[in-house]
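Asker: Any chance you could fold what I've pasted below:
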Amino acid sequence: MTEEAIQIDRMPVLKDPLFIAGFEGWGNALNVSQGMTDFLIEKLPAKPFARLNPDFFYRFDENRPIVDIQDGFLKELTPPGGTFYATETSDAARDIIIFKGLEPSLRWFHFAETMLDLCQSAGVKKVFILGSMYDNVLHTDSIISALASTQNLLNELKAKKITSVNYKGPSAIHSTLLMEAGKRGLDCINLWCHCPYYLQGTVHFGLLAHLASIISTWGGFALDTQELEATWKEIGKQIQGIIEKNPELQAMINDLRKAKMKGSFDPTKKHEKVIHLEDFLRPK
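Answerer: Here you go, the predicted structure:
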């Protein structure tokens, strides 16, 4: 493993660990990817044990370090990067390694090598890479699509009625990790949550709950999603109230719903006018 690219404070001894990664950046619509890692870290719970060396993988002029300056004194400087967490739960059937960080802007293959070296040294055999994107879907939908490193995994996806991905175009770090994991014989699944493009400025807790259920079922560990479901139920009421008071938004959503029912639902075709909900959903 490349020692310079990752700084390991301690290497935990883990039982049949599962690796889950969520990235901030291009593949984090409605904060579902990062929101899932935050939820896992808190609920499992998991503690940090390693971090990336940011000089290897990030451009500081694109993702500038955050500083804390008080009365002319620089108290803290936090560069962009990522941190590895582990559960180390003695009574659990398996442990979980979680990566939370910013999508790298440099050396993607070196980044994948670093991540997967750590996984294999810890005994990981199954990898989940989480992402979320804006799409021409409804806020009441819970659509998650996936791609996998083996045909057997793809068959499992279809059995669970998860759509397999058909796409050609620019990619995220998820695809690089999937390809390199497959070369190493690791089971790797990319899960993509489809978020309504008109819903911005909030977190889609409904998709978080659905994603958590899928991960825990496939991963073979317990995870309580009641808190996520209750939060989404309350936000859903707010959203419905906004829709009922906004004729233009209501017409747009009705058009999406009709197209879906007729089978002419085109996820690549966006409306010219998009109404954002972030101003309505901000805490007052």
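
Asker: C-alpha only now, for contacts and for neighbours.
Answerer: OK.

Asker: excluding its backbone neighbours, what's nearest Leu249?
Answerer: Distances taken as C-alpha to C-alpha, 6 or more residues apart in numbering put Ile243 closest to Leu249, at 6.0 Å, once the chain neighbours are dropped.

Asker: what comes up buried for the helix or strand hosting that neighbour?
Answerer: According to DSSP states H and E, Ile243 maps onto helix 226-245. Of the residues in helix 226-245, those buried by neighbour count under the rule 16 or more other C-alpha atoms under 10 Å are Leu228, Glu229, Trp232, Ile235, Gly236, Ile239, Ile242, Ile243.

Asker: From what I see, the residue nearest to Leu249 and Ala251 are in contact.
Answerer: No: Ile243 is beyond contact range of Ala251, at 9.1 Å (criterion: C-alpha atoms under 8 Å).

Asker: For Asn190, see how far away Asp117 is.
Answerer: 19 Å (C-alpha to C-alpha, to the nearest Å).

Asker: try Asp9
Answerer: 28 Å.

Asker: quick one: the helix holding Ile243 to chain centroid distance?
Answerer: 21 Å (C-alpha atoms, centre = their mean, to the nearest Å).

Asker: Which other helices and strands does that helix contact?
Answerer: Where contact means 3 or more C-alpha pairs under 8 Å, 6 or more residues apart in numbering; DSSP states H and E, helix 226-245 is packed against helix 205-219, helix 247-262.

Asker: now the angle from it to helix 247-262?
Answerer: 110 degrees (axes from the mean of the first three to the mean of the last three C-alpha atoms, to 10 degrees).

Asker: Can you report how many residues neighbour Tyr134?
Answerer: 18 (other C-alpha atoms under 10 Å).

Asker: Now stretch 82-98: average pLDDT?
Answerer: If you average the pLDDT over stretch 82-98, you get 88.

Asker: do the same with stretch 248-255
Answerer: On average, stretch 248-255 scores 82.

Asker: Can you give me the buried ones in it?
Answerer: Under 16+ other C-alpha under 10 Å, the buried positions of stretch 248-255 are Leu249, Met252, Ile253.

Asker: Check which helices and strands the helix or strand hosting Ile129 sits against.
Answerer: For Ile129, the host element (DSSP H and E) is strand 126-135. Contacts defined by 3+ C-alpha pairs under 8 Å, 6+ apart place strand 126-135 against strand 18-24, helix 32-43, helix 173-183, strand 187-196.

Asker: Figure out which of those is closest to Asn53.
Answerer: Of all those, strand 18-24 sits nearest to Asn53, with 16.0 Å by C-alpha to C-alpha.

Asker: any idea of the angle the helix or strand Thr114 falls within forms with strand 18-24?
Answerer: Using DSSP H and E, Thr114 falls within helix 108-122. Angle, helix 108-122 to strand 18-24, by the same axes, to 10 degrees: 150 degrees.

Asker: List the buried residues of helix 108-122.
Answerer: Trp108, Phe111, Ala112, Glu113, Thr114, Met115, Leu116, Asp117, Leu118, Cys119, Ala122.

Asker: Put together TSV for the residues you listed, with pLDDT and distance to Lys161 on each row.
Answerer: What follows is the buried residues of helix 108-122, written out as TSV (pLDDT from 0 to 100; distance: C-alpha to C-alpha, whole Å):
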residue	pLDDT	distance to Lys161
Trp108	97	31
Phe111	97	32
Ala112	97	29
Glu113	96	32
Thr114	95	33
Met115	96	30
Leu116	97	28
Asp117	96	32
Leu118	96	32
Cys119	96	28
Ala122	95	31
